[in-house]
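> Kindly generate the corresponding structure for this input.
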Amino acid sequence: MTTGDTLHEVELSIGGMTCASCAARIEKKLNRMDGVTATVNYATETAKVSYTGEVAPEDLVATVEATGYSATLSPPPTPAGTEPAPETAEPDEAAAWRQRLIVSATLTVPVVLLSMIPALQFDNWQWIALTLASPVVVWGALPFHRAAWTNLRHGAATMDTLISVGVIAAYLWSLWALLFTHAGMPGMRMAFDLFPSGDGDTHIYLEVAAAVTTFILAGRYFEARAKRQSGAALRALLDMGAKDVAVLRNGTETRIPIGQLAVGDVFVVRPGEKVATDGVVTSGTSAVDASMLTGESVPVEVGPGDSVVGATVNAGGRLEVRATRVGADTQLAQMARLVTEAQNGKAEVQRLADRVSAVFVPIVIGLSLLTLVGWLLFTDDPVSSAFTAAVAVLIIACPCALGLATPTALLVGTGRGAQLGILIKGPQILESTRRVDTVVLDKTGTVTSGRMSVDSVHVADGESETETLHLAGSLEHASEHPIARAVAERAGTLSDVESFENHGGRGVSGVVDGHAVLAGRLSWLRDEWSLTAPESLRLAADEAETAGRTPVWVAWDGTIRAVVVVSDTIKETSADAIAELRALGLHPVLLTGDNHRAAESVAAQVGIDDVIAEVLPGDKVAVVERLQREGRVVAMVGDGVNDAAALAQADLGLAMGTGTDVAIEASDLTLVRGDLTSAPDAIRLARATLGTIKGNLFWAFAYNVAALPLAALGLLNPLIAGAAMAFSSVFVVSNSLRLRRFSPR
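All right, here's what the predicted structure looks like:
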């Protein structure tokens, strides 16, 4: 373990949490440790911990255990490209709750019927009810009693404390009444009232003790099942990769486990098989179905030189692929990491709920005692009425719904996004999507395909087109710009370049075959090299710009000798995407380093009015900053290395998944599909997730604000209170699950 200021991160799996106040207690204890910053997620039962200095992971586990909960270090996920972990049966939390629920419900139904319907009450029915209710109170509610006792030993109180105290109080009151009052006499009758009413010492609460236990067991069961469903998208993502792969070695195929695949290995993908890992096709042509990874329904044609992504499916011919990334570096692994990190985070709006949950249980216990004392001191009602109101206060309180409001919505929203090829990096991003009013779109690779091609070559009198392409292509081959690649591909045979230099978006220079070659903008050649263009080349360049194409000026040995015209195709879906962004209330701006006429031609075709052209890569940040100074909340969509700084500066950065790792790392949202229509889909999904979180929190708060006073005033039967408390948690989780139905337009 290293010491010092190095920041380490670890994830803990936490057992024994039963409500939001549990998570708040653990988080508070961990954050009290020197150099530790922790976020505990009740829904995923994990803690994400950053620590420095002398702290060891074992210290973190010990702190959680000292708080009264179990903790283990979480193993890293094992998506495509890693050796799968040995199969272990994942404990089914819902199954354990279901068993208790079935037994408890079977015993509770006759107790409730006997207690609520006087016509069914025969002589000594109350003793039958006691016999049936006792196993429910003792065994059915055992998880709540056990957790309450553990918390008591650590000087804390949680939701389980409220449940346990309420159930035991109702049961002990009933037992006392049966043993020491005439409630235990043959012929005793008792009616059920929607609103509690004191009935002397003859009223017993066995149906409350049993039914509240059963209602809460039902709530925990449905909550556990829904939480499992909400995390299904991430589990499906992690299970998506291939388990083994056929590698070509010495001309023969050898099938090996996926964990043994190394960068540089060439592997075979037959029709119907999954691509084992990220790579480049070396042989064969086929269509690759990436729908499970990107949400794109149409298979993409690939051939030699094209990139493929692990976990996609070969829908056509046989492919040979050279592995370029394996293990944690693959796109699938990065997607899984981003989704996991997003689900472990907390939106700012959840912080208030956490603070409330931390003090909620002690306040409720105090309020219950005040209710009991107040009824005894200030009313003439029997003791049972005071007891009824106090128990109702204990049972109705529900910080669970507050704790589930954000994480369940995040689980479902980010999981659904992953299925659609939309990666949300964290819950704080959700707030930004609601405030954005301007979207800045990089042209090349975002609005257009980014696959540049040479349309034509215009040379000055006496020059050769072949020589022009050879010199320009050899020079541009040293650059990674899409335009440079297009020129290099058209040139064919290339020579080595000496003294190559990239001049920041204006052009490139170098020595090819003894010639000092320049290629770039006319303004750069004119202003920095004092070169003059022939009139014939000017006319050709003007005509190309008017048509929306890009002229690349080529000079060597101190003279401008040619113009290479390069064009890019607009993505078929770009115009529809711009229309959808406008419908979301966003003002689109096209940003490009290209010339004005080419940029305006593209903008006109896709429906953008605001164009900022001839912007150097380093100045894109300045454009975003200027828009922000004007009071706009800016989203930026880009895909290249030169977009990374602007993506980071923007209030909301969206990186195309077909772009560079630098751009993706700097962004807030990643659009795996590389289709601009996924940008409005991403914003809609993020806004829907935030709306669900706020709706959950509103109902969780409103429920307690409305229900607690009713219970304290004696207007709520404990039986109804138990059902309402269980329903509130189920409602929050079910409301979050609606996000699974989100679909792109």
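> Downstream of the strand or helix carrying residue 475, the next helix or strand is which one?
Element membership for residue 475, per DSSP states H and E: helix 465-476. Sequence order places helix 482-491 as the next helix or strand after helix 465-476, per DSSP H and E.
> If I take that next one and helix 465-476, what angle do their directions form?
140 degrees (axes from the mean of the first three to the mean of the last three C-alpha atoms, to 10 degrees).
> chain center to helix 482-491: distance?
Chain-centre distance of helix 482-491: 38 Å, with C-alpha atoms, centre = their mean, to the nearest Å.
> now do stretch 440-453
So, by C-alpha atoms, centre = their mean, the centroid of stretch 440-453 is 27 Å from its chain's centroid.
> burial of residue 56, as a residue count?
Per other C-beta atoms under 10 Å, the neighbour tally for residue 56 reads 13. C-beta coordinates here come from the backbone N, C-alpha and C atoms, glycine included.
> Relative to residue 63, how far out is it?
11 Å (C-beta to C-beta, to the nearest Å).
> swap in residue 443?
Where residue 63 is concerned, residue 443 sits at a distance of 52 Å (C-beta to C-beta).
> can you map out the helices along the stretch 351-500 of the chain?
Taking DSSP state H, counting those that start in this stretch, the helices of the stretch 351-500 of the chain run over residues 383-396, 399-419, 428-435, 465-476, 482-491.
> Return the most buried member of these.
Among those, helix 399-419 has the highest mean neighbour count (mean count of other C-beta atoms under 10 Å), at a mean of 29.
> which helices and strands does that one pack with?
helix 20-31, helix 206-230, helix 232-238, helix 331-344, helix 348-378, strand 422-424, helix 678-712, helix 718-737 (3 or more C-beta pairs under 8 Å, 6 or more residues apart in numbering; DSSP states H and E).
> looking at those, which one has the lowest mean pLDDT?
Among those, helix 232-238 carries the lowest mean pLDDT, a mean of 57.
> Give me the next element, helix or strand, following that helix.
Counting by DSSP H and E, what follows helix 232-238 is strand 244-249.
> Tell me which strands that next one pairs with, and in which orientation.
According to DSSP bridges, strand 244-249 has the following sheet partners: strand 252-257 (antiparallel), strand 266-269 (antiparallel).
> okay if I get these as TSV plus mean neighbour count and distance to residue 476?
Output for the strands paired with strand 244-249, formatted as TSV (neighbours: other C-beta atoms under 10 Å; distance: least, C-beta to C-beta, whole Å):
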stretch	mean neighbour count	distance to residue 476
strand 252-257	12	39
strand 266-269	22	29
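> quick one, which of those strands is nearest to residue 368?
strand 252-257 (58.6 Å; C-beta to C-beta).
> Could you measure from the most centrally placed residue in the chain over to residue 464?
By C-alpha atoms, centre = their mean, the chain has its centre lying nearest to residue 414, at 3.1 Å. Computed as C-beta to C-beta, the residue 414 to residue 464 distance reads 57 Å.
> average pLDDT across whichever helix or strand residue 636 is part of?
In this assignment (DSSP H and E), residue 636 forms part of strand 634-638. The pLDDT scores in strand 634-638 average 89.
> what's that strand packed up against?
So strand 634-638, by 3+ C-beta pairs under 8 Å, 6+ apart, packs with strand 438-442, helix 620-629, helix 644-649, strand 652-656.
> quick revisit: between the helices of the stretch 351-500 of the chain, which gets nearest to residue 601?
Between the helices of the stretch 351-500 of the chain, helix 482-491 lies closest to residue 601; by C-beta to C-beta that is 16.2 Å.
> Not counting that closest one itself, show me its contacts.
444-445, 450-454, 469-470, 472-474, 476-479, 494, 508, 519, 550, 552, 564, 566, 568 (C-beta atoms under 8 Å, 6 or more residues apart in numbering).
> Counting neighbours, which of the residues you listed end up buried?
444-445, 450, 452-454, 469-470, 472-474, 476-479, 494, 508, 519, 550, 552, 564, 566, 568 (16 or more other C-beta atoms under 10 Å).
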